[in-house]
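Q: task: produce atomic coordinates for the following.
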Amino acid sequence: MSTTENAPLVKPALNRKDFVSNQEPRWCPGCGDYAILAQVQKVMPEFGIPREKFVFVSGIGCSSRFPYYMNTYGFHTIHGRAPTIATGIRLSRPDLTVWVATGDGDALAIGGNHLIHALRRNIGLKIILFNNRIYGLTKGQPSPTSELGKKTKSTPSGLADHPFSTLSLVIGAEGTFIARSIDTELAHMQQMLKRVGEHQGTALLEVYQNCPVFNDDAFIHITDKSTKADRILYLEHGKPLLFGKNKDKGIRITKSFSPEVVEVGEGEGKVPLSEIAVHDETVENPAYAFMLSRMEWPEYPVPLGVLRKVSRPTYEDLVHAQKEKMVATRGKGDISKLLRSGETWVIESEN
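A: Next comes the predicted model:
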């Protein structure tokens, strides 16, 4: 037998087409979901992980059709419960890379409780939260991120509910990796998706995306090419918080720990570059990331990028360490003995 025949089989490198399923995406023309799907399919090969080691889990909503269009394993589950099913998969099969596709309604309304506990546990899930600020699948009702006063079919006089700030909620739930991108910034989204996939623990990426049918131009204030440079703050670790076409505007943090927009440069009314805050995504105290999450147009530019990235033991590592310790000290369990131990009794028939 030749050495060629003895050589181990080497699988060819994967590319985007390997992650495209045979199902035709069924979203409305112009929907931002198409852009997100394309970028996910482009990024997946870069992890060097076989397709059978990926699992995509979703709940209910337009975004939750996602698993059908990925040529990987996947589960289309029930409304709001994607993090729960994904947690079970990750605990039982820590060798799998588990992604969650969810929307602002699915994740923050009926699924809010499940989302916050996945975040606080820091289990190894990669969550993409599609935020179009509307319920699209059920034809245009307001979601938990819809703006105050929003007029929809079910709120003809305007929405009376105050909206969630998604990333503020995620930070409050002790998220260890928190980022934001937008469906029109394709290269930026790819970069954020790669960062999400590399994080150990729960990683959440909020993607602002357009719903052309029920909430068109919801983010036009930061997607319009003629003005977006003055309205988006791209976060880069270790670099000052600068924005504007000429990078002549910046964020200075006041003594009361509030962000302040200033003109950068020399001269009256301007501040030197040395006074501009330098972005540090690794700050353990969540107060800094929370401050960034509260920045909204028109008072501030909208931050895009990684707000927070900190290290903490993952839930699955802690659980499996407990299991190994118990087996080492008490031996392998016996389910039959367990069921018959402790306070048990037998009910006998008088007959």
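Q: residue ranges for the strands of the stretch 151-300 of the chain, please.
A: Using DSSP state E, counting those that start in this stretch, the strands of the stretch 151-300 of the chain run over residues 177-182, 203-208, 232-234, 242-243, 249-253, 259-263.
Q: I'd like the ones you listed laid out as TSV, including mean neighbour count, distance to residue 93 and mean pLDDT.
A: Quick note: C-beta positions are derived from backbone N, CA and C, even for glycine. Output for these, formatted as TSV (neighbours: other C-beta atoms under 10 Å; distance: least, C-beta to C-beta, whole Å; pLDDT from 0 to 100):
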stretch	mean neighbour count	distance to residue 93	mean pLDDT
strand 177-182	26	21	98
strand 203-208	26	18	98
strand 232-234	20	36	98
strand 242-243	22	43	98
strand 249-253	20	43	97
strand 259-263	16	42	97
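Q: Serialize those strands to a markdown table and add fields for distance to residue 46.
A: Shown next, in a markdown table, are the strands of the stretch 151-300 of the chain (distance: least, C-beta to C-beta, whole Å):
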| stretch | distance to residue 46 |
| --- | --- |
| strand 177-182 | 16 |
| strand 203-208 | 15 |
| strand 232-234 | 21 |
| strand 242-243 | 28 |
| strand 249-253 | 32 |
| strand 259-263 | 34 |
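Q: what is the burial count for the closest residue to residue 165 other than its chain neighbours?
A: Once flanking residues are discounted, residue 165 sits nearest to residue 293: 5.8 Å by C-beta to C-beta, 6 or more residues apart in numbering. By the measure other C-beta atoms under 10 Å, the count of residues near residue 293 is 23.
Q: so residue 293 sits against residue 164, correct?
A: No: in this structure, residue 293 is not within contact of residue 164 by C-beta atoms under 8 Å, at 10.8 Å.
Q: can I get the longest helix anywhere in the chain in CSV? Just the C-alpha atoms.
A: Ranked by residue count, the top helix of the chain under DSSP state H comes out as helix 315-330. Output of helix 315-330 as CSV, limited to C-alpha atoms (Å, rounded to 0.1, in the frame of the first residue of the first chain):
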residue,chain,number,x,y,z
TYR,A,315,-21.6,28.1,33.5
GLU,A,316,-21.0,24.9,31.7
ASP,A,317,-17.4,24.7,33.0
LEU,A,318,-18.6,25.2,36.6
VAL,A,319,-21.4,22.6,36.3
HIS,A,320,-19.1,20.0,34.7
ALA,A,321,-16.5,20.6,37.4
GLN,A,322,-19.1,20.0,40.1
LYS,A,323,-20.1,16.8,38.3
GLU,A,324,-16.5,15.5,38.1
LYS,A,325,-15.9,16.4,41.8
MET,A,326,-19.0,14.4,42.9
VAL,A,327,-18.0,11.4,40.8
ALA,A,328,-14.5,11.5,42.2
THR,A,329,-15.7,11.6,45.8
ARG,A,330,-18.9,9.5,45.7
